[in-house]
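# kindly return the folded structure for what I paste below:
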Amino acid sequence: LLRRPAALGAAAARCAPARDSHGPPRQGHGSSKAASLHWTGERAVSVLLLGLLPAAYLCPGPAVDYSLAAALTLHGHWGLGQVITDYVHGEVPIKVANVGLYILSGLTFAGLCHFNYQDVGICKAVAMLWSL
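Below is the predicted model of the structure:
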């Protein structure tokens, strides 16, 4: 009773797709190493942000301002990229959404850098908001 009948076992083997975990990625699938590196990068930026937030309070300055501008932009870019991956379907809409995402991310980074250079900077601006 515990053994599978031979006819069922042979039928299941014919229907099951072949699995090759050691071969190259199949067409349409990204490299798992690239995905792993991307995941590691996302976590590194998140941990960096956890360190930058107290640093912005304790020792505000241009280095922290520009580091925050880069880390916040990258964190937002990757987050919105996942929203596009999850909710935008079709080849053309995905391409349009990705182009829009790159434009938005570039403008965000440029705007934050402009704010850091021409105005008080991110750290001082947040401190000024807290003092209200």
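# please count neighbours and contacts with C-alpha atoms only from this point.
Noted.
# off-centre distance for the strand or helix carrying residue 106?
For residue 106, the enclosing helix or strand under DSSP states H and E is helix 91-118. Relative to the chain's own centre, helix 91-118 is displaced by 14 Å; criterion: C-alpha atoms, centre = their mean, to the nearest Å.
# and the angle for the helix or strand following it with helix 91-118?
Reading on from helix 91-118 to the C-terminus, the next helix or strand found by DSSP H and E is helix 122-130. With axes from the mean of the first three to the mean of the last three C-alpha atoms, to 10 degrees defining the directions, helix 122-130 sits at 80 degrees from helix 91-118.
# list the buried residues of the helix holding residue 106.
Under the neighbour-count criterion of 16 or more other C-alpha atoms under 10 Å, helix 91-118 has 97, 98, 101, 105, 108, 109, 112, 113, 115, 116 buried.
# show me which of the residues you listed is closest to residue 90.
residue 97 (10.6 Å; C-alpha to C-alpha).
# which ones are touching the residue most central in space within the chain?
With distances taken as C-alpha atoms, centre = their mean, residue 78 lies nearest the centre of the chain, 2.7 Å away. Neighbouring residues of residue 78 by C-alpha atoms under 8 Å, 6 or more residues apart in numbering: residue 42.
# which element, helix or strand, includes it?
Per DSSP H and E: helix 62-87 holds residue 78.
# give the rounded mean pLDDT of that helix.
For helix 62-87, the mean pLDDT works out to 95.
# tilt between it and helix 91-118?
Using the same axes, to 10 degrees: helix 62-87 against helix 91-118 is 170 degrees.
# buried stuff in helix 62-87?
Residues 62, 64-78, 80, 84 are the ones in helix 62-87 that count as buried (16+ other C-alpha under 10 Å).
# equivalent analysis for stretch 117-128, please.
Buried residues in stretch 117-128, counting neighbours by 16+ other C-alpha under 10 Å, are found at 121, 122, 123, 124.
# keeping just the C-alphas, turn that stretch into PDB.
Output in PDB follows, covering the C-alpha atoms of stretch 117-128 (Å, rounded to 0.1, in the frame of the first residue of the first chain):
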ATOM      1  CA  TYR A 117      24.600  72.300  -2.600                       C
ATOM      2  CA  GLN A 118      22.400  75.400  -2.900                       C
ATOM      3  CA  ASP A 119      20.400  75.300   0.400                       C
ATOM      4  CA  VAL A 120      20.900  74.100   3.900                       C
ATOM      5  CA  GLY A 121      21.100  70.300   3.200                       C
ATOM      6  CA  ILE A 122      19.000  67.300   4.200                       C
ATOM      7  CA  CYS A 123      20.400  67.100   7.800                       C
ATOM      8  CA  LYS A 124      19.800  70.700   8.700                       C
ATOM      9  CA  ALA A 125      16.500  70.800   6.900                       C
ATOM     10  CA  VAL A 126      15.200  67.900   9.000                       C
ATOM     11  CA  ALA A 127      16.600  69.500  12.200                       C
ATOM     12  CA  MET A 128      14.800  72.700  11.200                       C
END
